[in-house]
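Trainee: Coordinates for the following, if possible.
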Amino acid sequence: MDKSFFSTNRDTDRGRWLILLAAILWSLAGVFIKFLDLHPLTIVFYRSLFASLLFAPFLRLNQVHFSLAILVSVLSYTAAISAFVTANKLTTAANAIVLQYTAPVFVFLFTRLAWGEKISRLNNFALTVAMIGVAMISLDSAGEPEMAGVVLALLSGALFAVYMINLQRTKEVHLVYLTWLNNLVCALLLLMVVTPRLALSLDQTLILAFMGVVQLGMPYFLFSKGLETVSLQEASLIALIEPVLNPLWVALVVGEIPSAATLAGGAMILLGLGARYLWPMFDKSA
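Mentor: Model prediction:
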């Protein structure tokens, strides 16, 4: 039986709320990125640097170890957020964030094909409706100058899926250590690229510090924690609230109004999520 968001399992409910909170914090990215007149990779470098500093005091020596799964984690993490921030600079925040959320398609396909994990009727419906919304935005940008940003956003979605799927292989890794290492390695890998572009104003430093701690480090930790009690398929669906909120914040704060196609696509995502979590309240057989 597929349960609603408000189930009787407290651990599962707690995991769902942690993932939802992570998605809300992630959704703040577009606003801050639009305010920063910096190279995209400079933004990624400083965000990750500040995020790693957040978790450094909580590290313990017995948490430290290395494995292939950890290597995949740091590389997919670095590539995904680098592609996403760059996409934000090349296309609208609405396009970048919604298209990044093609990730659930890859998650669902992999868990089905590689692990034989069944896709429930409600999950399948929610995913299908949400991806129709993503397709609306993709087709609206086809052939436009911003197409490079659209392609990078789609690539970010695929890489984010790799990161999420790989979290299933890092369950024995302490979350503080994994979050710290992902961000530290990301900063180190980008350091040589951004060295000529490291100068910041005080305002830029404060914005990047806030992004690193509140908008990046904490939500990735919360998302990973939520996956301890919530399935990967369901977590990828809950996180779809981010592409709905991100362009909303940008429109309210920056004044960048999403296109009609983006608004329609966001509405489709909300419809899919609403059906996924509200339908079981009325249909006990769901």
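
Trainee: show me where the stretch 51-200 of the chain has helices.
Mentor: If you assign secondary structure with DSSP state H, counting those that start in this stretch, the helices in the stretch 51-200 of the chain sit at 68-90, 93-100, 103-113, 121-141, 147-166, 175-194.

Trainee: out of the ones you listed, deepest packed?
Mentor: Neighbour counts (mean count of other CB atoms under 10 Å) averaged over each of these peak at helix 93-100, with a mean of 29. Just so you know, the C-beta spots here come from the backbone N, C-alpha and C atoms, and that holds for glycine as well.

Trainee: what's the average pLDDT for it?
Mentor: The predicted model assigns helix 93-100 a mean pLDDT of 66.

Trainee: okay, the closest residue to R169 other than its chain neighbours: pLDDT?
Mentor: Among residues not flanking R169 along the chain, A69 sits closest, at 3.9 Å (CB to CB, 6 or more residues apart in numbering). Reported pLDDT at A69 in the predicted model: 93.

Trainee: Go ahead and confirm A69 touches T170.
Mentor: Yes. Contact between A69 and T170 holds when scored by CB atoms under 8 Å: they sit 4.9 Å apart.

Trainee: just to revisit the earlier point, hey, least reliable of the helices of the stretch 51-200 of the chain by pLDDT?
Mentor: Going by mean pLDDT, the lowest-scoring of the helices of the stretch 51-200 of the chain is helix 93-100, which has a mean of 66.

Trainee: before we move on, back to that, dump the helices of the stretch 51-200 of the chain to TSV, plus distance to W17.
Mentor: Supplementary listing: the helices of the stretch 51-200 of the chain in TSV, determined by distance: least, CB to CB, whole Å:
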stretch	distance to W17
helix 68-90	23
helix 93-100	21
helix 103-113	19
helix 121-141	18
helix 147-166	18
helix 175-194	17
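
Trainee: wait, which of those helices is closest to F45?
Mentor: Of all those, it is helix 175-194 that lies closest to F45, at 4.4 Å by CB to CB.

Trainee: rewinding a little: so who does the residue nearest to R169 touch?
Mentor: If a contact means CB atoms under 8 Å, 6 or more residues apart in numbering, then A69 has 166, 169-170, 173 as its contacts.

Trainee: Out of those, who's the most crowded?
Mentor: Looking at the contacts of A69 with neighbours defined as other CB atoms under 10 Å, the largest count falls to V173 at 21 neighbours.

Trainee: Stretch 242-259: how far from the chain's middle?
Mentor: For stretch 242-259, the separation from the chain centroid amounts to 16 Å (computed by CA atoms, centre = their mean, to the nearest Å).

Trainee: do the same with stretch 177-193
Mentor: Between the mean C-alpha location of stretch 177-193 and the chain-wide mean there is a distance of 17 Å, by CA atoms, centre = their mean.
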